[in-house]
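Peer 1: pasted the sequence and its predicted model underneath.
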Protein chains: 2
Amino acid sequence: MPSERPRRRIPEATVARLPVYLRILGEQGDEGVECVSSDRLAELAGVNAAKVRKDLSYLGSYGTRGVGYEVAYLVYQIRRELGLTHDWPVVIVGAGNLGQALSGYGGFGQRGFPVVGIVDVDPAKVGTVLGGVRVRPIDELTQIVQSKRVNIGVITTPPGAAQDAAERLVKAGITSILNFAPVVLSVPRSVEVRKVDLAVELQILSFHEQRRATVAPGALRPVSGAAPRRTASA
Amino acid sequence: MPSERPRRRIPEATVARLPVYLRILGEQGDEGVECVSSDRLAELAGVNAAKVRKDLSYLGSYGTRGVGYEVAYLVYQIRRELGLTHDWPVVIVGAGNLGQALSGYGGFGQRGFPVVGIVDVDPAKVGTVLGGVRVRPIDELTQIVQSKRVNIGVITTPPGAAQDAAERLVKAGITSILNFAPVVLSVPRSVEVRKVDLAVELQILSFHEQRRATVAPGALRPVSGAAPRRTASA
DNA sequence: CCCGCTTTGTGAACGTGTGCACGAGCGCGT
DNA sequence: ACGCGCTCGTGCACACGTTCACAAAGCGGG
């Protein structure tokens, strides 16, 4: 029995890829595949095979040389490493467009992150039901967080309200925040913040589009027929 | 007149931060601030001051020693570098929860990315109006892309439909894709893809939560009072 | 006009991440 | 039982990104 503990610190870059491997392995498992090689997994994940092996080696030596990785076992190990052996309930602050969409999107709960509460400052929004959860006033945030043992908060407020939302979440006892507002949050060092900024993503795409235009001055898109060769990509 | 051209290749990490600087500079400008130092900008952006200076130095020498950076001029330079001197119209494929939220979210158009079209395969969704744009059948995608000169497509379909959506976008002439579906897209090398995967973000937070729990076995959260000291963070 | 204060711009050191290439180990067929 | 082919695990070199530390350069005051 390999009760080997992952001594090594896992690099952030690897942590960010493990969820991708996990999803793919889950799909393979559903299709009845019992074993995958690093080459196959790399192809499906759109990355280098050596990277896959190195990433997985941080979890321990769970592959079999000459054969590959047993899907079910690997899924179990990755889930354990990511802390997905139990659900992580989340609260959403901000019942605007995005907050509504996220709570309505069932994929959240399916992947182990059930939305157990949505709060908003706007009394007009309180009481409406989104994806099976009733919107509640923001004063009840602390009560929700503590009664449901919530560690993760999601901010989907307008920019101006985001810092206040973060402070309320922290005060309520939250230790991780996923921030959709285009604002740099100021929180205690002990709280982990990740941000998702759609405008930033689009501006990065814009940069590459613009560069393409200036480097190759073939101004007008060729609007050529179908896609030529294709490659796996992020 | 410093008609200096940015000879140097700009690192990806820098490109990803420029939009943040740009937003902050815009806010400062609105508040009447005319000049900022790298220290101040770093504080507002939650990064290291040296990083700010190095990032900005890739654009050219646009600061004044002993003084700082002129806000308006720097805004102009960053916008130019990011290709934001004109609007980039976008099309959205998938009028589900998220697609609706994105088109309803006005901040898109405000930041130079007007949504000029939404398409869906579901006839039931076609015809409804979201954020001022009518949902149209997916067959009209190519026509929209070409008549409106669209370069950027956004995929907000369910996972199973994402690859098809990508292929249709590519065929229509799109060269950049922002993908919200939890799927690795296969596209020609010439097409730039960025992905935003909410489940991945949550799983990364989960990893750190779990690690926290195993390293410091103080199991129960102290639920201490207010936030102690705070630091700028991402 | 010169001096000292401030802040930029950047070389150099360090740390993190990537990819190659190859040894080590496993299974299978004979 | 043995060798052969396959795939994992990893040392190493390289590229990328971050941070430090300091010289160069502008501004203001006397």
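Peer 2: Thanks, I have the structure now.
Peer 1: contacts and neighbour counts: CA atoms only from here.
Peer 2: Fine.
Peer 1: okay, now the unreliable bits of chain A?
Peer 2: Counting by pLDDT under 70, chain A shows low-confidence ranges at A:1-7, A:216-234.
Peer 1: and it, which of its residues are near DNA strand C?
Peer 2: On the criterion C-alpha under 7 Å from any atom of the strand, DNA strand C has as its neighbours in chain A the residues A:11-14, A:47-48, A:50-51, A:64-67.
Peer 1: near DNA strand D, from the residues you listed?
Peer 2: When the residues of chain A next to DNA strand C are filtered against DNA strand D using C-alpha under 7 Å from any atom of the strand, the residues retained are A:50, A:64-67.
Peer 1: ok, the residues of chain A next to DNA strand C vs chain B, which is closest?
Peer 2: Proximity to chain B was ranked across the residues of chain A next to DNA strand C by C-alpha to the nearest C-alpha; first place goes to residue A:12, at 8.9 Å.
Peer 1: can you map out the strands along chain A?
Peer 2: Taking DSSP state E as the test, the strands found in chain A are A:35-36, A:63-64, A:68-70, A:90-93, A:115-120, A:129-130, A:133-137, A:152-155, A:176-179, A:186-187, A:192-195, A:231-232.
Peer 1: just the helices in chain A please.
Peer 2: In chain A, the helices defined using DSSP state H lie at A:12-30, A:38-45, A:49-57, A:71-82, A:97-104, A:107-110, A:141-147, A:159-172, A:198-215.
Peer 1: highest average neighbour count across those helices?
Peer 2: The densest packing among those, expressed as mean neighbour count by mean count of other C-alpha atoms under 10 Å in any protein chain shown, is seen in helix A:97-104 with a mean of 22.
Peer 1: how far does that one sit from the chain's center?
Peer 2: Going by C-alpha atoms, centre = their mean, to the nearest Å, the spacing between the C-alpha centre of helix A:97-104 and its chain's C-alpha centre is 16 Å.
Peer 1: which bits of chain A sit near DNA strand D?
Peer 2: Taking C-alpha under 7 Å from any atom of the strand as the criterion, chain A approaches DNA strand D at residues A:36-39, A:50, A:53-54, A:56-58, A:60-69.
Peer 1: would you check that residue A:173 makes contact with residue A:147?
Peer 2: No. Taking C-alpha atoms under 8 Å as the contact criterion, residue A:173 and residue A:147 are not neighbours in contact, 11.2 Å apart.
Peer 1: ok, residue A:195 to DNA strand C distance?
Peer 2: 17 Å (C-alpha to the nearest atom of the strand, to the nearest Å).
Peer 1: any idea what that residue is bridged to?
Peer 2: Applying DSSP bridges to residue A:195 yields these beta-bridge partners: residue A:179.
Peer 1: excluding its own residues, what touches stretch A:74-91? List them.
Peer 2: The contact list for stretch A:74-91 (C-alpha atoms under 8 Å, 6 or more residues apart in numbering or on different chains) reads A:15, A:18, A:22, A:25-26, A:59, A:62, A:112-119, A:145, A:148-154, B:203-204, B:206-211.
Peer 1: distance between the ends of it?
Peer 2: Using C-alpha to C-alpha, to the nearest Å, the span of stretch A:74-91 from its first residue to its last is 30 Å.
Peer 1: which of the residues of chain A next to DNA strand C sits closest to residue A:125?
Peer 2: Using C-alpha to C-alpha, residue A:12 is the member of the residues of chain A next to DNA strand C that sits closest to residue A:125, with 38.1 Å.
Peer 1: ok, of the ones next to DNA strand D among the residues of chain A next to DNA strand C, which come out buried?
Peer 2: The neighbour-count criterion (16 or more other C-alpha atoms under 10 Å in any protein chain shown) marks none of these as buried.
Peer 1: distance to residue A:186 added to those residues, as a markdown table?
Peer 2: A markdown table is the format used below for those (distance: C-alpha to C-alpha, whole Å):
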| residue | distance to residue A:186 |
| --- | --- |
| A:50 | 38 |
| A:64 | 46 |
| A:65 | 48 |
| A:66 | 50 |
| A:67 | 49 |
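Peer 1: picking that back up, out of the helices of chain A, flag the one nearest residue B:32.
Peer 2: helix A:159-172 (18.1 Å).
Peer 1: now for that closest one, which elements pack on it?
Peer 2: Contacts defined by 3 or more C-alpha pairs under 8 Å, 6 or more residues apart in numbering or on different chains; DSSP states H and E place helix A:159-172 against helix A:141-147, strand A:152-155, strand A:186-187.
Peer 1: would you mind putting these into a markdown table with distance to residue B:99 alongside?
Peer 2: Formatted as a markdown table, the entries for the helices and strands packed on helix A:159-172 read as follows, by distance: least, C-alpha to C-alpha, whole Å:
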| stretch | distance to residue B:99 |
| --- | --- |
| helix A:141-147 | 28 |
| strand A:152-155 | 19 |
| strand A:186-187 | 30 |
